[in-house]
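K.L.:
Based on what follows, work out the 3D shape:
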Amino acid sequence: MIIIVRINGGLGNQMFHYAMGLAISVLNKTDLLLDVSSLKSTEKEETKREFLLPYFNVDIKIAENKDFSRMKIPNTQKTNLFSRIRRWEVRFRESFRPLHERKFIAEPYFNFCPDILKIKNDCYLSGAWQSEKYFKDIESLVRENFTLKNSPTVKTEALIEKVSGCNSVSIHIRRKDYVNIQKTNHLHGICSLEYYNQAVDLICKKVNNPIFFIFSDDIDWAKANLKINCPLFYVSDKNTLDYEELVIMSNCKHNIIANSSFSWWGAWLNKNENKIVITPKEWFSVKNINTDDLIPKDWLII
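P.N.:
I've put the predicted structure just below:
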């Protein structure tokens, strides 16, 4: 049996894709193969993404031509017209079969799809898979996989020690692609300053002597607009890598996240049993996307 999962997007998206695929592979006692061809995009530089999973303790096996041949399905890594037509033909024929019996499975809707966990045959999966329900039963394995493969930098190690030694609260502010790319802005929008102010006020009522640690792809905006009457520390800079930022974030005692899979994982990987995680109510600007299964039940939504 072969399970291939399409990997695309930024680090948070890649982690969701991998965690879902890992759950399917564990259920079926088979290897997980990753299709990373979409990360080699020839589109604009601003839409390109680096494959970041290898920086974690994950078992990376990349899908190759022979794997698609063995599955007897058209290779998704081929972009010529004939290959695209063949894929369309196969998907059309398979649309008459139950979802979990198809060889090509595109996520049918955004919220949790239980049929995915019924997969027993070769398949290729493409989607967002943004719900812990896909991998909740292997939570400890997912957490183990998403630890750093190599020792962190001296700076990162010092920051981990710093956030671990106080009532630290991470604040993640995502702006650049959410603001500058029209398609992304239309889909996601951005969290308002009011949301962050309300979240900070709530934390201050619940946590003694909080210290806020700011993570953002637009740290200058954060410095100019955040008005917090508590100690705060700006973490993000040009030298701190994404995956190390995520690990620092996950070591904070509490988390205020953006409508972003990146800070979702920072909060989810937080091991503090008494953690407070605050998340925005509006995850998308588009109103017809069901996000009921995205936010864990013990997180606070405002």
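
K.L.:
So N8 is in contact with Y18, correct?
P.N.:
No: with contacts counted by CB atoms under 8 Å, N8 stays clear of Y18, the gap being 11.6 Å. Yep, even glycine has a C-beta here, placed from its N, CA and C like the rest.

K.L.:
Among these two, which residue is more densely surrounded?
P.N.:
Y18 (24 against 17; other CB atoms under 10 Å).

K.L.:
Can I get the helix or strand harbouring that one in PDB? Just the C-alpha atoms.
P.N.:
Here Y18 is covered by helix 11-28, with elements defined by DSSP states H and E. Listed next in PDB are the C-alpha coordinates belonging to helix 11-28 (Å, rounded to 0.1, in the frame of the first residue of the first chain):
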ATOM      1  CA  LEU A  11       5.500  25.600   7.500                       C
ATOM      2  CA  GLY A  12       2.200  25.500   9.300                       C
ATOM      3  CA  ASN A  13       0.400  24.000   6.300                       C
ATOM      4  CA  GLN A  14       3.200  21.500   5.700                       C
ATOM      5  CA  MET A  15       2.800  20.300   9.300                       C
ATOM      6  CA  PHE A  16      -0.900  19.800   8.900                       C
ATOM      7  CA  HIS A  17      -0.400  17.800   5.600                       C
ATOM      8  CA  TYR A  18       2.300  15.600   7.200                       C
ATOM      9  CA  ALA A  19       0.400  15.000  10.400                       C
ATOM     10  CA  MET A  20      -2.700  13.800   8.600                       C
ATOM     11  CA  GLY A  21      -0.700  11.600   6.300                       C
ATOM     12  CA  LEU A  22       1.300  10.200   9.200                       C
ATOM     13  CA  ALA A  23      -2.000   9.200  10.900                       C
ATOM     14  CA  ILE A  24      -3.200   7.400   7.700                       C
ATOM     15  CA  SER A  25       0.200   5.600   7.400                       C
ATOM     16  CA  VAL A  26       0.200   4.500  11.000                       C
ATOM     17  CA  LEU A  27      -3.400   3.100  10.700                       C
ATOM     18  CA  ASN A  28      -2.400   1.100   7.700                       C
END
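
K.L.:
Can you spell out which helices and strands pack onto that helix?
P.N.:
Applying 3 or more CB pairs under 8 Å, 6 or more residues apart in numbering; DSSP states H and E, one finds that helix 11-28 makes contact with strand 3-6, strand 32-35, strand 123-126, helix 139-145, helix 242-250, helix 261-268.

K.L.:
Apply 6 Å and report the result again.
P.N.:
Other elements packing on helix 11-28 under the criterion 3 or more CB pairs under 6 Å, 6 or more residues apart in numbering; DSSP states H and E are strand 3-6, strand 32-35, helix 261-268.
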